[in-house]
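**Student:** quick check, what structure comes out for this input:
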Amino acid sequence: MNKMKIGVIGCGSIAQHRHLPEYANNENVEVIAVCDIVEERAWKIADVIGAKAYTQFEELLGNEEVEAVSVCTPNYLHAPISIAALNAGKHVLCEKPMATSRKEAEEMIEAAKKNGKKLMIAHNQRFVPSHQKAKQLIENGEIGKIYSFRSAFGHGGPEGWSADGKESWFFKKDEAFIGAMGDLGVHKTDLLRYILGEEFVEVGAFVETSAKENADVDDTAVCVLKTTSGTIGTLAASWSYVSKEDNSTIIYGEKAILRLEDDPVHSLVAQYVTGEVVRYELGGIQTNDAGGQTNSRVVDEFVNAIMTNEEPPVTGEEGMRSLQVVLSALESNETKRIVKL
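**Tutor:** Numbers count the residues shown, from 1 in each chain. You can find the predicted model right below:
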């Protein structure tokens, strides 16, 4: 069987720790082209995997053999490169946040439709076993009415993870556009929409830069969110958690409380109103310090969507709805008002 030919644009940490290893582990594809504006980085990776190296994404997109690409660049380039790739007839897996504005996100979705190509946004939290189990329990009515929730995603910041350390684009507003809210918060808006099975209609937020002296973007944000049915809860995203990473979500329901990724051993703990406690060991969530060996399933789902010609699980529209919550949080912080979505 002919393997699908992949190009990876942007060879920083997310490409090195997630996309490239996950493509390597998928027997249906091979990465034949990589691109990075840092020539040395592109050549180094190309040598290791036996791919062709490019420093200009336009040249990679001109390679007719390439059928699909991962866009792993700084945030401000996600939309322009994704649109160019879709227009060049490639399927696109784009890192989050998908764009820096609703308009850009709409243009990406339009380009995918116009060219009949798949566009998937790399939100991996939907594929975490505890999150999928929680969604199932809620859908089955086992938790009853959802009263409230709280979700947090925080760690010590991208300098320990990014290929450029403290000099990383993550801290520069003109390249990142948004800080912890875009890096981490958008994952949680996507997760909460997925688990609760409804949209957010109102958001209020405080967004600050309190920990990173080298940043001109937010590093700590706290949001209050309200869903269509009136469920309210909080979301915190931060680069100022100096010890252990926090990636937990707690759902407060009528019949039970669900604690997700909150216990070091049990990825889901259900505490029922009856006093019964059910602990699930479902396998952990991806962390940046797991040696990069865990599979986020993002690449596999993307490849599968192309091969079966089905909608990817996180479409451009889904990515845009999750982005919109974050954009509204920024607007709320600036205007000091509750923003209606």
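
**Student:** excluding chain neighbours, what is closest to Pro129?
**Tutor:** The shortest distance from Pro129 to any non-neighbouring residue, by C-beta to C-beta, 6 or more residues apart in numbering, is to Leu282 (3.7 Å). Just so you know, the C-beta spots here come from the backbone N, C-alpha and C atoms, and that holds for glycine as well.

**Student:** quick one: that neighbour and Lys133 touch, right?
**Tutor:** Yes - using C-beta atoms under 8 Å, Leu282 is in contact with Lys133, at 6.2 Å.

**Student:** next, the contact list for the nearest residue to Ala79 once chain neighbours are set aside, please.
**Tutor:** Residue nearest to Ala79 in three dimensions, not counting chain neighbours: Glu104, with 3.8 Å by C-beta to C-beta, 6+ apart. Neighbour list for Glu104: His78, Ala79, Met98 [criterion: C-beta atoms under 8 Å, 6 or more residues apart in numbering].

**Student:** let's verify the last one: helix, strand, or coil?
**Tutor:** Assigned by DSSP: H, G, I helix; E, B strand; the rest coil, the conformation of Met98 is coil.

**Student:** that one and Ile109 touch, don't they?
**Tutor:** No - if you go by C-beta under 8 Å, Met98 and Ile109 don't touch, sitting 9.2 Å apart.

**Student:** any common contacting residues for those two?
**Tutor:** Gly316, Met320.

**Student:** ranges for the helices of the stretch 51-200 of the chain?
**Tutor:** Counting by DSSP state H, counting those that start in this stretch, the stretch 51-200 of the chain has helices at residues 57-61, 78-87, 102-115, 129-139, 173-176, 180, 186-196.

**Student:** look at Met98 and Ile109 and report which has more neighbours.
**Tutor:** The neighbour comparison of Met98 against Ile109 (other C-beta atoms under 10 Å) goes to Met98, with 29 against 20.

**Student:** any idea how far Lys113 is from the more buried one?
**Tutor:** 15 Å (C-beta to C-beta, to the nearest Å).

**Student:** do Thr231 as well
**Tutor:** 32 Å.

**Student:** output the below-cut-off pLDDT ranges for this structure.
**Tutor:** 286-293 (pLDDT under 70).

**Student:** switch the cut-off to 90
**Tutor:** Residue ranges of the chain with pLDDT under 90: 1, 160, 244, 264, 281-294.

**Student:** longest helix of it?
**Tutor:** The longest helix of the chain (DSSP state H) is helix 316-335.

**Student:** Asn309 versus the residue positioned nearest the centre of the chain, what's the distance?
**Tutor:** Centroid check for the chain by C-alpha atoms, centre = their mean gives His123 as the closest residue, at 3.3 Å. Distance, His123 to Asn309, by C-beta to C-beta: 21 Å.

**Student:** quick check: phi and psi at the residue lying farthest from the centre of the chain.
**Tutor:** Most distant from the centre of the chain: Thr274, at 36.1 Å, with distances by C-alpha atoms, centre = their mean. Backbone torsions of Thr274, given as degrees, to the nearest 10, read phi -70, psi -10.
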